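Trainee: what follows is a predicted structure for the sequence shown.
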Amino acid sequence: MNLFQPLRIFNKVGNQPSTPDKHWYNLKASGEAEQRVIEVYIYGEIGAWGITANQFVRDLAALDDGVSQIVVAFNSIGGELFDGLAIHNALSRLGSRCIGRVDALAASAASVAVCGAHKVVIAANAMLMIHNPWTYAVGDAEDLRKVASALDQALEVIIAAYKAKAPDIDEVELRRLVNAETWLTASEAVALGLADEIGDGVQIKACLGQGTVMQKYQHTPKALLDLLDAPPEPVVVDLPTPVVDSAKLAVMITQSCTLAGISNLIEPLIASTKLADEATVQSALTQAKAVHDLCVAARLPECTLEFVKAGLDTEAVRGRLFDKLVGSGGGFEIDNSLPLADDPPPKMQAKQPDPPGIYAARKAAQAGQSQSAKGTRP
């Protein structure tokens, strides 16, 4: 019974881990001319989702101008060995322009790939994991012997990749570490020569989306496995800083002050608010109008500018106005209350009728008419 063609040698896992974007690498270039840098992120299982190293190499070549520095960052549990080896060789061909960076984890095939970089920088709390190649197969005894032979050859490829990065490494010790599935700390990786220097630490939890694979390795550090059960950290979204239209805010202050009859406060308000945002400007305008109303009620409108410049609130303004009025002997009382809108309008009272008076007036009028008639007789 034949094996699958071609033989795949990879991590100790049957199912592909879940990654957020169904892609295990991305590339981008930043800067211009001599300062241009190409950044490559291998964050996922190498060879997953049907995306092979062939596509990776083509994408990198399309972006590479032959002179820019290339930084390849790893946070990967590994994947297809021969894809990892292809990445190793592609990085090696870039020469001194290529820097490999282990951000959190470079395990299995990813450790082979990163060792192709001219310089490897590993984060202080990151790890490098090396182990024997692994596969699964079906068939008769002869088929399985062929598989074992292929795995032996694959092991030699892995050893050669590590020795290319660290030519002075003790090969006997290297083979022992590979056979034991060894998780190397940053300092241990540097000591062996598989990394060149230790960089700043980062959160290794970023790689735990591939936790199903981590659980199937033989000697995964307990600290990493404990993180699999930890509750997810809240996602903090950095909202973009709103763009402030200073000219628009200045016009707002000018128009509002003009309508309120406090044009003399335009400059002080612009200075005190610094035109930070609309909420700050609106709050300052409301406060300035309240101060102005208090000063007008106290018949001291000229104090408004002084109090606004001093940044006094209404309570402080009332205190200052009280002191000024008492000290001047004017005896004015500050009353900034408004009349109630539901007060009834004053009513005109009609004059009540006076019957005795009316009767007396009529009698007097009749008597006067009688005397006039007597005086006119012949």
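Mentor: Perfect, I can see it now. The shown structure was predicted, so the numbers you read here are calculated from the model rather than taken from an experiment.

Trainee: can you show me the helices along the protein?
Mentor: Taking DSSP state H as the criterion, the chain contains helices spanning 53-63, 81-93, 109-114, 141-165, 171-179, 186-192, 211-216, 222-229, 246-260, 266-273, 278-297, 304-310, 314-328, 355-374.

Trainee: okay, the ones you listed in TSV with mean pLDDT and mean neighbour count next?
Mentor: In this view, the C-beta of every residue, glycine as well, is placed from N, C-alpha and C. As requested, the helices of the chain are exported to TSV (pLDDT from 0 to 100; neighbours: other C-beta atoms under 10 Å):
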stretch	mean pLDDT	mean neighbour count
helix 53-63	87	15
helix 81-93	93	23
helix 109-114	94	30
helix 141-165	92	15
helix 171-179	95	14
helix 186-192	95	18
helix 211-216	57	18
helix 222-229	64	12
helix 246-260	84	15
helix 266-273	87	18
helix 278-297	90	18
helix 304-310	90	18
helix 314-328	80	14
helix 355-374	65	9
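
Trainee: okay if I get those helices as JSON lines plus distance to Val71?
Mentor: What follows is these, written out as JSON lines (distance: least, C-beta to C-beta, whole Å):
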{"stretch": "helix 53-63", "distance to Val71": "12"}
{"stretch": "helix 81-93", "distance to Val71": "11"}
{"stretch": "helix 109-114", "distance to Val71": "12"}
{"stretch": "helix 141-165", "distance to Val71": "17"}
{"stretch": "helix 171-179", "distance to Val71": "27"}
{"stretch": "helix 186-192", "distance to Val71": "17"}
{"stretch": "helix 211-216", "distance to Val71": "25"}
{"stretch": "helix 222-229", "distance to Val71": "25"}
{"stretch": "helix 246-260", "distance to Val71": "39"}
{"stretch": "helix 266-273", "distance to Val71": "44"}
{"stretch": "helix 278-297", "distance to Val71": "42"}
{"stretch": "helix 304-310", "distance to Val71": "54"}
{"stretch": "helix 314-328", "distance to Val71": "58"}
{"stretch": "helix 355-374", "distance to Val71": "114"}
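
Trainee: now stretch 27-40: mean pLDDT?
Mentor: Average pLDDT, stretch 27-40: 77.

Trainee: with just CA atoms, put stretch 266-280 into CSV.
Mentor: Output of stretch 266-280 as CSV, limited to C-alpha atoms (Å, rounded to 0.1, in the frame of the first residue of the first chain):
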residue,chain,number,x,y,z
ILE,A,266,-13.7,86.5,22.9
GLU,A,267,-10.0,86.6,23.3
PRO,A,268,-10.0,85.4,26.9
LEU,A,269,-12.1,82.4,26.0
ILE,A,270,-9.9,81.5,23.1
ALA,A,271,-6.9,81.7,25.3
SER,A,272,-8.4,79.7,28.2
THR,A,273,-9.9,76.9,26.2
LYS,A,274,-6.9,76.6,23.8
LEU,A,275,-9.5,75.5,21.3
ALA,A,276,-9.0,72.0,22.6
ASP,A,277,-12.4,70.6,21.4
GLU,A,278,-16.0,71.5,21.0
ALA,A,279,-17.0,70.2,24.5
THR,A,280,-14.4,72.4,26.2
